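In: can't give you the sequence, but here's the structure:
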């Protein structure tokens with residue numbers, strides 16, 4: 001119920017939730033197997049299934065569906081429709097054990113070579129992706145250890161060119177991911193059609209044991225930020241329209257519009273401040289891009305979207321030591337638990353760490369010849385946040401920082417879909433925000 005209070009407090013008007021474009025199916029399993037999306041892809045249970053009050057902590061309240069023994073399954077009626085090309089499947093899952101093959105979702109019947117994924121042997125999430133007539137990948141796997149009795153959020157994002165797999169823990173933190181998985185054969189991925197029907201919880205003799213909750217299907221491949229928001233309790237009915245860019249995230253060496261700053265001895269970066277270091281504190285300088293080590297040197301060249309910054313215009317004599325470059329950004333009006341930031345950085349010499357609000361993220365850079373990617377998916381706070389890039393200059397001489405591709409998203413209730421108590425409780429009770 002905590003998250004409901006935040007959302008209601010941010011709303012100013014009472015509106016009903018609209019149908020969510022892209023959301024193909026949504027099973028909250030709140031005492032029903034009905035599809036809560038506009039599609040009407042309702043489920044029919046088989047076996048002695050039950051509903052449980054044990055739900056993922058980020059959801060607060062409601063029910064999950066319990067598979068306690070085989071054979072048990074939920075057959076989904078997709079009304080003769082087809083979903084192929086790009087799609088996303090996401091669900092919360094809690095395993096009763098770590099042995100055998102625990103099937104979560106399958107479209108391999110009555111005809112094979114559709115899609116399925118399962119937990120198996122305590123150390124892998126295994127998936128198969130097909131066209132309905134041939135397999136594209138039978139190794140769409142995420143090799144990661146998992147435990148019984150623990151909630152996980154699993155997401156498969158499938159595209160004709162590649163696929164992603166994400167695993168978040170019960171607190172909504174990213175545990176493991178596989179990005180841009182490749183296919184062994186080309187084709188158009190099929191999720192379901194009249195001869196490849198969806199079954200939840202079982203395929204052949206492979207039986208899921210444990211609990212499932214908040215299962216969703218989308219006709220788009222969700223982004224990493226959208227997946228993270230979904231795993232942190234953002235309502236599926238809001239996901240594609242209520243995720244907002246985080247303001248105040250800038251690459252190094254650009255102005256307020258993201259345009260690279262002009263080269264010059266007096267040019268200061270308006271966003272990055274050196275808050276610790278042996279060469280004085282204050283706004284970072286642009287490194288001279290007409291001289292070594294950018295010209296005829298080992299540093300990665302400036303790009304149209306970012307430039308090197310440093311403690312002075314030409315760092316030929318910059319003292320050795322540790323430099324902290326700080327960027328501030330504001331999450332006011334956004335839900336910090338859903339915030340997600342990605343980017344890349346290069347440094348001279350090593351990039352020792354990235355600190356979010358004073359807490360180490362343990363991320364390092366590969367040095368000055370290439371950019372190293374980083375992801376931040378937890379540790380954000382309401383209001384102003386601090387991002388600090390720590391760089392060490394191993395000896396007197398050239399040093400600098402380059403940050404590129406810095407972007408992030410977080411959830412914000414939309415004015416057109418804000419919910420106050422009357423409409424909010426009615427709409428969200430259908431999902432699970434119920435006492």
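Out: That came through fine. It should be emphasised that the depicted structure is a prediction, and the values quoted were computed from it without experimental measurement.
In: List the contacts of residue 249.
Out: 327, 329, 341, 343, 406-408 (CB atoms under 8 Å, 6 or more residues apart in numbering). The way it works is simple: take the backbone N, C-alpha and C, and place the C-beta from them, glycine included.
In: let's see it at 7 Å
Out: Contacts for residue 249 (CB atoms under 7 Å, 6 or more residues apart in numbering) come out as 329, 341, 406-408.
In: And the lowest mean pLDDT element among the helices and strands of this structure?
Out: Across the helices and strands of the chain, mean pLDDT, DSSP states H and E gives its lowest value to helix 2-10, namely a mean of 33.
In: ok so, going back, how about CSV for the contacts of residue 249, with pLDDT added?
Out: CSV is the format used below for the contacts of residue 249 (pLDDT from 0 to 100):
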residue, pLDDT
329, 98
341, 95
406, 97
407, 94
408, 94
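In: Let's see the pLDDT reported for residue 47.
Out: We have a pLDDT of 95 for residue 47.
In: if you skip the residues just before and after it, what's nearest to it?
Out: residue 72 (3.3 Å; CB to CB, 6 or more residues apart in numbering).
In: what residue ranges in the stretch 51-200 of the chain are flagged as low confidence?
Out: Counting by pLDDT under 70, the stretch 51-200 of the chain shows no low-confidence range.
In: Going along the chain, name the strands of it.
Out: Using DSSP state E, counting those that start in this stretch, the strands of the stretch 51-200 of the chain run over 64-67, 73-76, 83-84, 87-95, 101-110, 115-120, 124-130, 135-137, 142-143, 151-158, 163-168, 174-181, 190-192, 196-200.
In: quick one: the residue of the chain most remote from its centre from residue 142, how far?
Out: Distance from the C-alpha centroid of the chain peaks at residue 317, with 42.0 Å (CA atoms, centre = their mean). Residue 317 sits 49 Å away from residue 142, going by CB to CB, to the nearest Å.
In: How about residue 294?
Out: Counting by CB to CB, the gap from residue 294 to residue 142 is 40 Å.
In: ok, now residue 62?
Out: Using CB to CB, residue 62 is found at 27 Å from residue 142.
In: Also residue 285?
Out: Here the criterion is CB to CB. By it, residue 285 lies 44 Å from residue 142.
In: buried sites along stretch 129-136?
Out: By neighbour count on 16 or more other CB atoms under 10 Å, the buried set for stretch 129-136 is 129-132, 135-136.
In: And for stretch 36-55?
Out: For stretch 36-55, burial by neighbour count (16+ other CB under 10 Å) applies to 36-37, 39, 41-43, 45, 49, 52, 55.
In: Sort out which of these are in helices and list them.
Out: Using DSSP state H, no member of those falls within helices.
In: Pick out the most distant pair among those residues.
Out: 39 and 52 (25.2 Å; CB to CB).
In: How is this structure partitioned into domains?
Out: 2-242+414-429, 268-411 (automatic domain parsing).
In: With distance to residue 261 as extra columns, can I get these in a markdown table?
Out: A markdown table is the format used below for the domains of the chain (distance: least, CB to CB, whole Å):
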| stretch | distance to residue 261 |
| --- | --- |
| domain 2-242+414-429 | 28 |
| domain 268-411 | 6 |
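In: for those, which one sits closest to residue 253?
Out: Of these, nearest to residue 253 by CB to CB is domain 268-411, at 2.7 Å.
In: first vs last residue of the closest one, how far apart are they?
Out: Domain 268-411 has an end-to-end distance of 32 Å (criterion: CA to CA, to the nearest Å).
In: Surely residue 380 touches residue 339?
Out: Yes: using CB atoms under 7 Å, residue 380 is in contact with residue 339, at 4.1 Å.
In: So if I had to pick from the two, which one is more boxed in?
Out: residue 339 (26 against 22; other CB atoms under 10 Å).
In: which phi and psi does that one have?
Out: Here is the backbone geometry of residue 339 (degrees, to the nearest 10): phi -70, psi 150.
In: On the three-state scheme, residue 401 is what?
Out: Secondary structure, DSSP: H, G, I helix; E, B strand; the rest coil: residue 401 is strand.
In: Next up, the contacts around it.
Out: Neighbouring residues of residue 401 by CB under 7 Å, 6+ apart: 252, 309, 325, 345, 347, 389, 391.
In: The nearest residue to residue 73 once chain neighbours are set aside: neighbouring residues, count only.
Out: The shortest distance from residue 73 to any non-neighbouring residue, by CB to CB, 6+ apart, is to residue 202 (3.8 Å). For residue 202, the count of nearby residues is 25 (other CB under 10 Å).
In: What about residue 202? Give its phi and psi, please.
Out: phi -160, psi 140.
In: that older thread, and for residue 380 and residue 339, which residues touch both?
Out: Common neighbours of residue 380 and residue 339, counting by CB under 7 Å, 6+ apart, are residue 331.
In: For residue 262, give its distance to residue 302.
Out: Taken as CB to CB, the span from residue 262 to residue 302 is 12 Å.
In: now do residue 345
Out: Distance from residue 345 to residue 302, by CB to CB: 14 Å.
In: who has more neighbours, the two?
Out: Neighbour tally, residue 345 and residue 302, criterion other CB under 10 Å: the higher count belongs to residue 345, 26 against 19.
In: Quick check: the more buried one touching residue 389?
Out: Yes: with contact defined as CB under 7 Å, residue 345 reaches residue 389; the gap is 6.3 Å.
In: what is in contact with these two at once?
Out: Common contacts of residue 345 and residue 389, defined by CB under 7 Å, 6+ apart, comprise 351, 401, 403.
In: would you turn the residues you listed into TSV with pLDDT?
Out: Formatted as TSV, these follow (pLDDT from 0 to 100):
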residue	pLDDT
351	97
401	98
403	98
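In: What's the local residue count around residue 81?
Out: For residue 81, the neighbour count with other CB under 10 Å is 12.
In: show me the residues around it that make contact.
Out: Residues near residue 81 by CB under 7 Å, 6+ apart: none.
In: And for residue 304?
Out: residue 260.
In: so which helix or strand takes in it?
Out: Assessed by DSSP states H and E, residue 304 sits outside every helix and strand.
In: State the pLDDT value of it.
Out: pLDDT recorded at residue 304 is 95.
In: Now do the buried residues in stretch 78-94.
Out: Of all the residues in stretch 78-94, those buried under the rule 16+ other CB under 10 Å are 78, 83-84, 86-94.
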